[in-house]
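Student: 3D model of this:
(2 chains)
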Amino acid sequence: MIHSYLYLSIILFCLGIVGVISRRNVFTVFMSIELMLNAANLAFVAFARVHESMDGHVLAMMVMAVAAAEAALALAVVILLHKHKSKLDTNVFSLLKG
Amino acid sequence: MGQSVHYLGLIPLFPLMGAVFIGLLHVFTCKNAKLPEKVYGLLACVGPVLSFVMALKVFFQLKALPVDARFLSHNAFTWFSVGDLHINMGFLADPLSCLMLLFVTLIGSLIHIYSIGYMSGDKNYGKFFAYMNLFLGSMLVLVLGDSPVVMFVGWEGVGLCSYLLISFYSEDTNNVLAGNKAFIVNRIGDLGFVLGMSFLFWGIGASGFDYLSLKANIHHLTPAIALTVCLLLFVGATGKSAQIPLYVWLPDAMAGPTPVSALIHAATMVTAGVYMVARFSFLYAHVELAGDIVAWVGILTALLAAIFGMFQNDIKKVLAYSTVSQLGYMFAGVGVAAYSAGIFHVFTHAFFKALLFLGAGSVIYAMHHEQNIWKMGGLKAKMPKTYLTMVIGALALAGCPPFSGFFSKDEILFSALATGHYGIWAVGLLVACMTAYYTFRMIFVVFHGEPRDQHAFDHAKESPAVMTVPLIILAVGAAFAGFLNMPGVQTVSHWLAPSLTEHHPHASSFVLVFAMATSIVAFLVGIKIAYSKFGKGAAEPVFSGFEKFAYNKFYVDELYNAVIVQPYKAVGSSIWKTIEPNVTDGPVKAVTRLYMMIGTAFKVFQVGYVRIYAIYMIVGLSLMSLFLSQSLN
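Tutor: Okay, the predicted model is just below:
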């Protein structure tokens, strides 16, 4: 039973990774990150059910709260980025190039 | 062990505290609100005078003790411990250091008082007194130190102050160069001192490195090491006390203010070398060869400096060379193992040479900083007090009975004769004659005859009381200090006996009378020649031949410059121009090139796209997880 949940969690996580790596739109990257967080949450909750412990649930709630805070911050950053270059393509922001 | 008394540490502490206090006061007030000079003058004199009072207390306490137990000590704190070596900041007052203590603090106090007048109007008034106090403190550490290491602290301290005060008028480059010269030449001597100290420690330092333990263990030292130590320490002494071959700095040191020349470069610091040899008398007394070398170097220095002194035109240069010459006498004295005679000459010399320098300072002050004796003349009428005191100083220096210099110089010559050093005695006698000549040449030219510069003469006037009173006190010392050790009384020799390892030669009274009579004849001949040449006033001579050679100091400075300084500079610049770019720069630059190459190689990973960095992260985390799961299994 637990295996199905974990497989789903892995699939969701990999989808998130692929999204972060392959997409160039800042919003899509952000949404992919949220997907990865939720994959982790699923795994937490699944393990919590198996071990009959509340720790996993607590952590899942916490991740949700952090994700909400992060969303607020990330949106502000996105707005600033847009003001700066009038684009939301991550390839435009390559100041760290050596 | 002797008695432990706490106030011994206070003696150097008073002037050192004064130095810090005055120095801070000067630093914080020199920019905007200037303090009145009186404040500095008063503060500066407190430390030396308190030290003098303490020195008197030490003297009376020592005097009350039985002869064999006459030493007081105080261990302020343990300076450092390395393994079994414990170096204490310890102070020792025995008859030898007590004698030095008394005259250093007395003359130091007088010169501080004199400086209040002499330095008036100088814009660095506070700085001057801070340095002077620092000097006195260091000198007292040197004298009171209970081990060679503590002595060395004072030794370096006085060297530093000497450098600071020689280049005191730092607007003139020449003064700064003179200061540098003094410092560098002294450094050469100090290297000898450090090496000597190291050899001594290597030999017998394991069982205590203070004078008393060294003295007790001195017979464990092998003769070869003992000779090495003696000679290396003497190298240190030649630097500090201006002997051949390191005497060249002292005449240049006259660039400093005159009270400095009197205190540091005549009365106290330059006698540190003689004090050191006397302090190590237990060592030198065992090594006859070292003693002979010391004596011959001393007497040859005395001769050379006396020759130079006869042809100088600068009043301070004449006195500077006479100081070198008298220091030579002192070394001749300690070299022939007549330590008390040498120290006694240090003692009397401090009085009459400080007196002569301060008198010269008074003249220079009156003549508006003119130092050429051929611009003076006839000042006798204008400056009676200075004239009278300077004549007393000159008589003492020239060795006229019954002034102090006669007894001390005669005792050195007598000791040389009695111990069979006839060569040293003969040269010493010749130098005595020359001393009388150049001293009275100076007196006659400056004070007698007609004024050579009418304008300066008209403006000359006697110095204020704050300057003449110290002159008078010193003149009393210069006149009567000799009686303390006149033949038959020997108060000073008996006083010093517990500190020194010395065997008084048994000579017939004929030798004594002969030595005295010949010194008196030498003095009379010298003064007679000086009078016949300069007594009635003489024009400035034009030097030629040997005189010119001597006036230019045998071109020793030029020789040193050509043989040592220039080759040294050439080596330095060749290293800078050839070895540095071709040899040492190679590896250094190779390292920078290596880092640049590594940087270029890693640059390709920095593409600047966030996605790619995410890939790096994922790859890294995956590898870490893989590694963890592997190691867990």
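
Student: Is chain B within reach of the biggest helix by length in chain A?
Tutor: Selection of the longest helix in chain A by residue count, based on DSSP state H, yields helix A:55-85. No - contact of helix A:55-85 with chain B (C-beta under 8 Å from any C-beta of the partner chain) is absent, the minimum separation being 11.1 Å. Using the backbone N, CA and C atoms, a C-beta is placed for each residue, glycine as well.

Student: What are the buried residues along that helix?
Tutor: Across helix A:55-85, burial judged by 16 or more other C-beta atoms under 10 Å in any protein chain shown covers A:56, A:59-60, A:63, A:74, A:81.

Student: can you redo those as JSON lines with pLDDT and distance to B:Lys536?
Tutor: As requested, the buried residues of helix A:55-85 are arranged in JSON lines below (pLDDT from 0 to 100; distance: C-beta to C-beta, whole Å):
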{"residue": "A:Gly56", "pLDDT": "92", "distance to B:Lys536": "121"}
{"residue": "A:Leu59", "pLDDT": "95", "distance to B:Lys536": "116"}
{"residue": "A:Ala60", "pLDDT": "95", "distance to B:Lys536": "120"}
{"residue": "A:Val63", "pLDDT": "95", "distance to B:Lys536": "115"}
{"residue": "A:Ala74", "pLDDT": "92", "distance to B:Lys536": "108"}
{"residue": "A:Leu81", "pLDDT": "89", "distance to B:Lys536": "104"}
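
Student: from the residues you listed, which is closest to B:Gly423?
Tutor: If you rank the buried residues of helix A:55-85 by distance to B:Gly423 using C-beta to C-beta, A:Leu81 comes first, at 98.6 Å.

Student: measure the closest one to A:Leu95 for me?
Tutor: 12 Å (C-beta to C-beta, to the nearest Å).

Student: Which strand or helix spans residue 16?
Tutor: I'll assume chain A. Using DSSP states H and E, A:Gly16 falls within helix A:2-22.

Student: not what I meant, chain B
Tutor: Using DSSP H and E, the element containing B:Leu16 is helix B:10-29.

Student: Could I get the buried residue list for that helix?
Tutor: Residues of helix B:10-29 classed as buried by neighbour count (16+ other C-beta under 10 Å): B:10-19, B:21-23, B:25-26.

Student: Not counting its neighbours along the chain, what's nearest B:Gln326?
Tutor: Leaving aside its sequence neighbours, B:Gln326 sits nearest to B:His349 (C-beta to C-beta, 6 or more residues apart in numbering or on different chains; 5.2 Å).

Student: residue contacts, that neighbour?
Tutor: With contact taken as C-beta atoms under 8 Å, 6 or more residues apart in numbering or on different chains, B:His349 is in contact with B:266-267, B:271, B:326, B:330, B:405, B:408.

Student: Just those: which are in helices?
Tutor: Among the contacts of B:His349, DSSP H puts B:326, B:330, B:405, B:408 in helices.

Student: from the residues you listed, which two are the most distant?
Tutor: Taking C-beta to C-beta, the two most distant members of those are B:Met330 and B:Gly405; they sit 12.0 Å apart.

Student: quick revisit: the residue nearest to B:Gln326 and B:Ile424: what is the separation?
Tutor: Distance from B:His349 to B:Ile424, by C-beta to C-beta: 18 Å.

Student: same question, B:Ile299
Tutor: Remark: distance between B:Ile299 and B:Ile424 (C-beta to C-beta) = 5 Å.
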